[in-house]
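> okay, predicted coordinates and the sequence, questions at the end:
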Amino acid sequence: MTERAAPFYCPYCGDEDLRPSEEETSRGAGAAWECRACSRAFRLKFLGLLAPGTAGAAPSPSPVPSAPDGGTP
């Protein structure tokens, strides 16, 4: 895996005019990028892999108790 993977668009404005930042980064701190469209800088960092079976699993909503007259308790 490469140390610096390139993002496709700015997470703030959605523009694709991104440049690697000239800022020095320590190993493991994440890659810094600059968006030329909105003049923002952001950092990307790979956190790790999900455990098998957790991808796409959303928790079930808990049932909300209701009052006998149909309103909320």
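Cool, got the structure.
> who's in contact with residue 19?
Residue 19 makes contacts with 33-34, 36, as judged by CB atoms under 8 Å, 6 or more residues apart in numbering. All C-beta spots, glycine's among them, are computed from the backbone N, C-alpha and C.
> now neighbour count, secondary structure and distance to residue 17 too, for these, in JSON lines please.
Compiled in JSON lines, these are given as follows (neighbours: other CB atoms under 10 Å; DSSP: H, G, I helix; E, B strand; the rest coil; distance: CB to CB, whole Å):
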{"residue": "33", "neighbour count": "20", "secondary structure": "strand", "distance to residue 17": "11"}
{"residue": "34", "neighbour count": "17", "secondary structure": "strand", "distance to residue 17": "9"}
{"residue": "36", "neighbour count": "12", "secondary structure": "coil", "distance to residue 17": "4"}
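> now distance to residue 13 and pLDDT too, for those residues, in a markdown table please.
Formatted as a markdown table, the contacts of residue 19 follow (distance: CB to CB, whole Å; pLDDT from 0 to 100):
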| residue | distance to residue 13 | pLDDT |
| --- | --- | --- |
| 33 | 13 | 91 |
| 34 | 12 | 94 |
| 36 | 10 | 95 |
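> turn those into JSON lines, including distance to residue 7.
Below are the contacts of residue 19 laid out as JSON lines (distance: CB to CB, whole Å):
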{"residue": "33", "distance to residue 7": "6"}
{"residue": "34", "distance to residue 7": "11"}
{"residue": "36", "distance to residue 7": "13"}
